[in-house]
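Colleague: sequence plus the predicted model coming up.
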Amino acid sequence: MRFIRVPTAGLRALAGATYAASPVRPRMRKAWRTLLPALLALVLAACTRSADTPARTAVSGFLLDPQLDEISGLAASRRHPGTLWLLDDGGNPARLFAVSTRGLRRATYRVEGVSKTDWEDIAAFRLDGRDYLLIADTGDNGGLRRTLQLHVVEEPRALENDRLRPAWSIAFRWPDGPRDCEAVAVDARRGQVLLVSKKRQPAELFALPLRPRDKGIQTARPLGHLAGVPQPTPQDLRKRPQRARYDAHVTAADVSPDGRTLAVMTYRHLLFYPALRGQGWGRAVARTPEARLLPWLPQAEAMGWAEDGRSVYATGEFVPAPLYRIRR
């Protein structure tokens with residue numbers, strides 16, 4: 001076994017700088033100082049790989065801000081270089097966070113005019129010369145929701161605490177009954193929103209129009225099933241039966257900036273589905289993907305392509321959490 005090149009001193013300096021700049025209340029600083037060494041040890045242990053695997057993972061930063069607990073979606077800004085957009089789970093206010101690639105919260109935006117049931121993913125895209133974010137209110141743990149919502153907001157010009165309102169929204173339903181969905185992506189070139197079911201095996205891929213012609217409730221169109229999603233082995237089920245049952249659940253998805261590759265994340269793996277020229281996404285996901293084992297993450301639920309299209313950012317749902325940059 002070997003460590004990826006992430007120097008301990010560099011990690012400590014990065015974590016220290018992130019901690020020093022984060023708005024942690026004074027009475028909590030002692031607790032954070034206690035947590036940071038444990039977090040660093042976990043991250044370093046998680047960055048191990050077998051000797052035949054090239055170093056593809058870097059620790060970009062740390063999420064230490066208590067406001068960034070329960071993060072369930074991540075997208076790299078198309079308008080503000082070096083900025084990530086994050087959103088949190090249901091039960092929290094309708095808001096978006098602008099965060100640096102080191103994990104420092106730069107601004108918080110309230111999203112007005114919408115209700116928040118269970119926000120689970122966010123996607124950044126460019127359309128007609130403007131930069132947008134799609135918010136996916138698609139979580140449905142109990143399988144009870146008859147309709148779900150997608151909200152599109154334009155990226156703000158300045159990174160400062162402010163309010164946003166949707167440019168448009170899409171109400172939709174599934175063609176054959178409720179299902180949970182935490183992975184939503186946008187293919188602006190094809191004018192599609194892609195949705196991947198979470199719990200069903202094999203995972204299902206659906207599409208919706210990005211700009212529907214009518215304002216009525218849309219019906220998601222099935223495109224196919226995802227091939228090659230790694231399943232827990234019998235050994236996994238014996239050693240960690242509670243967690244292994246969820247390893248293959250899909251928690252995030254994103255289309256690369258060039259529109260050629262769909263990245264999909266489960267609780268344990270990162271999968272890349274390239275689309276050949278002229279090939280739709282239904283055929284692309286029917287082929288065996290390129291798979292990567294994720295480094296340690298506290299409930300991996302947030303992932304998005306970097307703006308250069310050569311790597312993805314990924315983080316977990318609980319604070320403190322590392323923010324990784326994983327090169328394809």
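Modeller: Done, it's in. Numbering: from 1, shown residues only.

Colleague: which parts of the stretch 151-300 of the chain are helices?
Modeller: Ranges of helices in the stretch 151-300 of the chain, per DSSP state H, counting those that start in this stretch, are 234-239, 241-244, 281-284.

Colleague: confidence-wise, which of the ones you listed is weakest overall?
Modeller: Lowest mean pLDDT within the helices of the stretch 151-300 of the chain: helix 241-244, a mean of 89.

Colleague: show me how far that helix is from its chain's centre.
Modeller: Between the centre of helix 241-244 and the centre of its chain there are 22 Å (Cα atoms, centre = their mean, to the nearest Å).

Colleague: give the buried residues for that helix.
Modeller: Ala244 (16 or more other Cβ atoms under 10 Å). Where C-beta positions appear, they are placed from N, C-alpha and C, glycine not excepted.

Colleague: which regions of the stretch 51-200 of the chain lie under the pLDDT threshold?
Modeller: Within the stretch 51-200 of the chain, the segments meeting pLDDT under 70 span 51-55.

Colleague: can you give me the strands for it?
Modeller: 57-63, 71-76, 83-88, 95-100, 105-111, 119-127, 130-137, 148-154, 162-164, 168-173, 181-187, 192-197 (DSSP state E, counting those that start in this stretch).

Colleague: for Arg213, which of the ones you listed is the nearest?
Modeller: Checking these against Arg213 by Cβ to Cβ gives strand 168-173 as the closest, at 11.6 Å.

Colleague: quick one on the thing from earlier: okay, the helices of the stretch 151-300 of the chain in CSV with distance to Val114 next?
Modeller: CSV is the format used below for the helices of the stretch 151-300 of the chain (distance: least, Cβ to Cβ, whole Å):
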stretch, distance to Val114
helix 234-239, 39
helix 241-244, 34
helix 281-284, 27
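
Colleague: rewinding a little: can you put the strands of the stretch 51-200 of the chain in JSON lines and add mean neighbour count and distance to Leu271?
Modeller: Formatted as JSON lines, the strands of the stretch 51-200 of the chain follow (neighbours: other Cβ atoms under 10 Å; distance: least, Cβ to Cβ, whole Å):
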{"stretch": "strand 57-63", "mean neighbour count": "23", "distance to Leu271": "15"}
{"stretch": "strand 71-76", "mean neighbour count": "26", "distance to Leu271": "16"}
{"stretch": "strand 83-88", "mean neighbour count": "24", "distance to Leu271": "21"}
{"stretch": "strand 95-100", "mean neighbour count": "22", "distance to Leu271": "25"}
{"stretch": "strand 105-111", "mean neighbour count": "17", "distance to Leu271": "29"}
{"stretch": "strand 119-127", "mean neighbour count": "25", "distance to Leu271": "16"}
{"stretch": "strand 130-137", "mean neighbour count": "23", "distance to Leu271": "19"}
{"stretch": "strand 148-154", "mean neighbour count": "22", "distance to Leu271": "23"}
{"stretch": "strand 162-164", "mean neighbour count": "15", "distance to Leu271": "31"}
{"stretch": "strand 168-173", "mean neighbour count": "17", "distance to Leu271": "24"}
{"stretch": "strand 181-187", "mean neighbour count": "27", "distance to Leu271": "11"}
{"stretch": "strand 192-197", "mean neighbour count": "25", "distance to Leu271": "10"}
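
Colleague: of all these, which lies closest to Val255?
Modeller: strand 181-187 (4.6 Å).

Colleague: what lines up beside the closest one in the sheet?
Modeller: Take DSSP bridges as the rule and strand 181-187 pairs in its sheet with strand 192-197 (antiparallel).
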